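Asks: Predicted model and sequence below, questions to follow.
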Amino acid sequence: MNKLITLMISFMLLFTMGCDSDDTITGGAIIPEPELVGCEGTTFYDWSDFEFSTSLDAGATTWLGFEMDETTLFSINLNQPGFHCAIFESCDGELGSPPPLYSFMSNGNGQEVGIVTEGTYYLEITNTRPGRLDFTFGISLSDIVYGCMNDDALNYDDTANVDDGSCEFNDCNTQYYLDNYGEMVLDCDGNCAPLSWIADGFCDDGAYGIYDEEGNVVPVNLWCEEFNFDEGDCEVIPGECSPGLIEDCNNICAPAQWLGDGFCDDGSYQYNGNDIYFNCEEFNNDNGDCDVLGRTTEQRIFNRIPIGQ
């Protein structure tokens with residue numbers, strides 16, 4: 001009788017496990033649920049205050065999840081270059097739902113990523129470099145400040161972190177500029193500059209200027225990558241002067257055309273920030289420009305104007 005009761009209890013326990021457990025029984029063995037991988041196994045963190053350190057093998061990937069309750073501008077801090085990062089708005093199986101909202105390679109420093117709105121996000125980090133690497137990862141949040149972010153614009157806002165398309169620029173296509181200087185471009189500082197001044201033998205790094213429509217002298221700066229540093233005009237060769245330049249009385253490179261041009265170059269004018277002197281015997285007293293006392297040192301309108309005089 002006791003054996004029969006024991007057998008019945010064992011059968012009831014086995015039946016109860018089969019009904020209540022999520023595990024599958026096959027041939028008397030219990031098969032556990034498969035381990036979650038990819039974005040399905042994402043651990044979620046508080047985005048507003050989060051930093052951690054870990055290691056990843058070459059080609060290995062880890063997933064991090066975040067939930068946002070407001071629109072914000074975020075940046076990441078990953079102290080190793082060569083990690084590919086992709087941010088997805090949802091998870092589809094093991095992978096984030098394509099396309100990613102943002103995709104970029106870490107540079108070893110802080111990187112501004114972009115704007116995220118309220119919602120759930122999945123971040124995939126992959127080590128693309130050979131070998132296992134330790135790294136530290138963190139996220140920074142910033143309030144969004146809309147404004148003009150182009151520092152060449154008239155209304156540039158240095159507090160803005162999201163450009164709103166409101167930038168305003170100088171209008172160089174007026175009849176005044178066309179009549180007096182010809183075709184114009186915006187220089188490295190967003191000011192109007194004559195197109196003909198590019199690669200003309202003069203280094204236009206702010207040493208010269210033009211008159212604007214109000215009669216103000218505005219420096220012209222072509223010394224930046226956009227203009228290939230005035231197309232080589234500002235390239236200095238040690239011990240030599242660039243084409244179109246000669247050494248003055250003090251061995252300072254200066255425009256050759258300044259000799260005998262009606263202006264006494266006795267230090268009254270500067271080139272590339274240096275006072276220029278042609279008033280010596282070697283240059284025949286600036287080819288006569290400095291012979292007469294009181295010779296004009298006025299700056300000619302519609303010509304290259306030395307800055308800082």
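Replies: Looks like it came in fine. Residues are numbered from 1 along each chain as shown.
Asks: C-alpha from now on. contacts and neighbour counts both.
Replies: Noted.
Asks: What are the neighbouring residues in contact with the residue nearest to L195 when sequence neighbours are not counted?
Replies: Nearest in space to L195, with sequence neighbours left out and distances taken as C-alpha to C-alpha, 6 or more residues apart in numbering, is M184 at 5.1 Å. Going by C-alpha atoms under 8 Å, 6 or more residues apart in numbering, M184 touches C172, N173, Y177, L178, C192, A193, P194, L195.
Asks: roughly how far apart are the closest residue in space to the fourth one that isn't next to it in sequence and D233?
Replies: This points to L178. Closest residue to L178 apart from its sequence neighbours, by C-alpha to C-alpha, 6+ apart: M184 at 7.4 Å. Per C-alpha to C-alpha, to the nearest Å, M184 is found 18 Å from D233.
Asks: cool, G190 as well?
Replies: Using C-alpha to C-alpha, we find G190 at a distance of 20 Å from D233.
Asks: residue contacts, E168?
Replies: Applying C-alpha under 8 Å, 6+ apart to E168 gives the contacts A153, L154, N155.
Asks: ranking the residues you listed by neighbours, who comes first?
Replies: A153 (18 neighbours; other C-alpha atoms under 10 Å).
Asks: buried stuff in stretch 151-170?
Replies: Neighbour-count burial for stretch 151-170, counted by 16 or more other C-alpha atoms under 10 Å, picks out D152, A153, Y156, D157, A160, N161, C167, F169.
Asks: Can you pick out the most distant pair from those?
Replies: N161 and F169 (19.2 Å; C-alpha to C-alpha).
Asks: hang on, isn't I276 packed against D265?
Replies: Yes: proximity of I276 to D265 meets the contact threshold set by C-alpha atoms under 8 Å, at 6.1 Å.
Asks: tell me the domain ranges of this structure?
Replies: Split into domains by automatic domain parsing, the chain comes to 38-142, 148-235, 245-299.
Asks: Let's verify the residue lying closest to A153 once chain neighbours are set aside: helix, strand, or coil?
Replies: Leaving aside its chain neighbours, A153 sits nearest to F169 (4.9 Å; criterion: C-alpha to C-alpha, 6+ apart). At F169 the chain is in coil, as set by DSSP: H, G, I helix; E, B strand; the rest coil.
Asks: wait, what's in contact with F169?
Replies: D152, A153, L154, G190.
Asks: do D212 as well
Replies: Residues in contact with D212 (C-alpha under 8 Å, 6+ apart) are V218.
Asks: Please tell me how far the nearest residue in space to G288 that is not next to it in sequence sits from C253.
Replies: Excluding its sequence neighbours, the residue lying closest to G288 (C-alpha to C-alpha, 6+ apart) is G260, at 6.4 Å. Distance from G260 to C253, counting by C-alpha to C-alpha: 16 Å.
Asks: Any regions of this structure where pLDDT drops low?
Replies: Residues of the chain that meet the criterion pLDDT under 70 lie in 1-37, 47-50, 235-240, 242-243, 273, 292-309.
Asks: Do a quick rundown of the helices in it.
Replies: Remark: helices assigned in the chain by DSSP state H are 2-20, 175-181, 228-231, 284-287.
Asks: Next, work out how far apart S196 and L178 are.
Replies: Taking C-alpha to C-alpha as the measure, S196 falls 12 Å from L178.
Asks: Name whatever forms a beta bridge with F135.
Replies: T54 (DSSP bridges).
Asks: For F135, give me its contacts.
Replies: With C-alpha under 8 Å, 6+ apart, F135 has these contacts: S53, T54, S55, L78, N79, Q80.
Asks: For PyMOL, write the select line for the buried members of those residues.
Replies: Applying 16+ other C-alpha under 10 Å to the contacts of F135, the buried members can be selected in PyMOL as follows:
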select buried, resi 78+79+80
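Asks: Reformat the contacts of F135 as CSV; add distance to F135.
Replies: Below are the contacts of F135 laid out as CSV (distance: C-alpha to C-alpha, whole Å):
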residue, distance to F135
S53, 6
T54, 6
S55, 6
L78, 7
N79, 6
Q80, 6
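Asks: Looking at the contacts of F135, which is nearest A86?
Replies: Proximity to A86 was ranked across the contacts of F135 by C-alpha to C-alpha; first place goes to L78, at 13.3 Å.
Asks: Spatially, what comes nearest to the closest one if we skip its sequence neighbours?
Replies: Nearest residue to L78, sequence neighbours excluded (C-alpha to C-alpha, 6+ apart): F137, at 4.6 Å.
Asks: for F74, same thing?
Replies: That would be L141: by C-alpha to C-alpha, 6+ apart, it lies 4.5 Å from F74.
Asks: How about W63?
Replies: Leaving aside its chain neighbours, W63 sits nearest to E124 (4.7 Å; criterion: C-alpha to C-alpha, 6+ apart).
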